[in-house]
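**Q** next comes the sequence, and after it the predicted model I'd like to discuss.
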Amino acid sequence: MNRDHWILLLMWVLFGLLHSLLAAGGVKRYFTSLLGRYASYYRALYSLLAFLSLGLVIAVQFSVKSFYLGSFPVVKYLAGLIVGVPGAILMLICIRKYFFNHSGIKAFLGRDEGPKLESGGIHAYVRHPLYLGTLATLWSIFLFFPLLSNLLACLAITVYTLIGIHLEEKKLLKEFGGEYAAYRRRTPMLIPNFLLR
């Protein structure tokens, strides 16, 4: 691993820390109090910052000259396509849905509603479909392009996702109480119900 790989890994870690820190309840309350009457725009500002910082890390990801770790043609086409294509579709569906409901754009439309627990649709099968789609897509990309830089990104994002799920679930339990606890008991975290059966 050379200096560029360490920088890339550090950037993924910093992205995860920033993303989680700004989503934390205490930090969110602090900044919304600073924003005063513009507090409803916090989520939109958070989403914009997350988008820009992710774009920066991805730009560095693709600019790093990396080591090729070998070819796995059978794994690439079997796991890569079977897991990657549905993962990418799931990720795009979730991004489309979350963009309108959770990006803060509703504040600009004058329709900023309170939080609502998502438990229908794909959420009836898995609690974190966006994370599932993201991980499936990322690991499939690594199988197709087995570069050290891609492996580092997959490892960093997987660790961040697992930690992020734990923090997010604590926040959801606090926000929705027994409703979320019941939902969590009947719905798996990342492996959908139909696969577990």
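**A** All right, it came through fine. Bear in mind the structure is a predicted one, so any value in this text is a computation, not a measurement.

**Q** number of nearby residues for residue 52?
**A** Residue 52 is flanked by 9 other residues according to other C-beta atoms under 10 Å. Just so you know, the C-beta spots here come from the backbone N, C-alpha and C atoms, and that holds for glycine as well.

**Q** let me see the contact set for residue 150.
**A** Contact analysis of residue 150 by C-beta atoms under 8 Å, 6 or more residues apart in numbering lists 61, 66, 141, 142.

**Q** go ahead and confirm the last one touches residue 152.
**A** Meaning residue 142. No - when contacts are counted by C-beta atoms under 8 Å, residue 142 is not listed as touching residue 152 (9.7 Å).

**Q** re earlier: reformat the contacts of residue 150 as a markdown table; add pLDDT.
**A** Listed next are those as a markdown table, based on pLDDT from 0 to 100:
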| residue | pLDDT |
| --- | --- |
| 61 | 90 |
| 66 | 86 |
| 141 | 87 |
| 142 | 89 |
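
**Q** quickly check the residues you listed for the two that are furthest apart.
**A** 66 and 141 (12.9 Å; C-beta to C-beta).

**Q** tell me the SS of the residue positioned nearest the centre of the chain?
**A** Centre of the chain computed as the mean C-alpha position; nearest residue by C-alpha atoms, centre = their mean is residue 131, 5.0 Å away. Following DSSP: H, G, I helix; E, B strand; the rest coil, residue 131 is assigned to helix.

**Q** from what I see, it and residue 158 are in contact.
**A** No - at 9.6 Å, residue 131 does not count as touching residue 158 under the criterion of C-beta under 8 Å.

**Q** residues near residue 123, how many?
**A** That count, for residue 123 with other C-beta under 10 Å as the rule, works out to 16.

**Q** that one against residue 189, yeah?
**A** No - contact criterion C-beta under 8 Å: residue 123 and residue 189 do not qualify, at 11.7 Å.

**Q** pLDDT weak spots in this structure?
**A** Counting by pLDDT under 70, the chain shows low-confidence ranges at 98-115, 193-197.

**Q** which of the three states applies to the most far-flung residue of it relative to its centre?
**A** Using C-alpha atoms, centre = their mean, the residue of the chain lying farthest from its centre is residue 37. It sits 29.1 Å away. Following three-state DSSP, we place residue 37 in the helix state.

**Q** ok, now residue 70?
**A** Under three-state DSSP, residue 70 comes out as coil.

**Q** would you map the strands across this structure?
**A** Here the chain has no strands by DSSP state E.

**Q** can you put the contacts of residue 150 in JSON lines and add distance to residue 2?
**A** What follows is those, written out as JSON lines (distance: C-beta to C-beta, whole Å):
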{"residue": "61", "distance to residue 2": "15"}
{"residue": "66", "distance to residue 2": "9"}
{"residue": "141", "distance to residue 2": "21"}
{"residue": "142", "distance to residue 2": "19"}
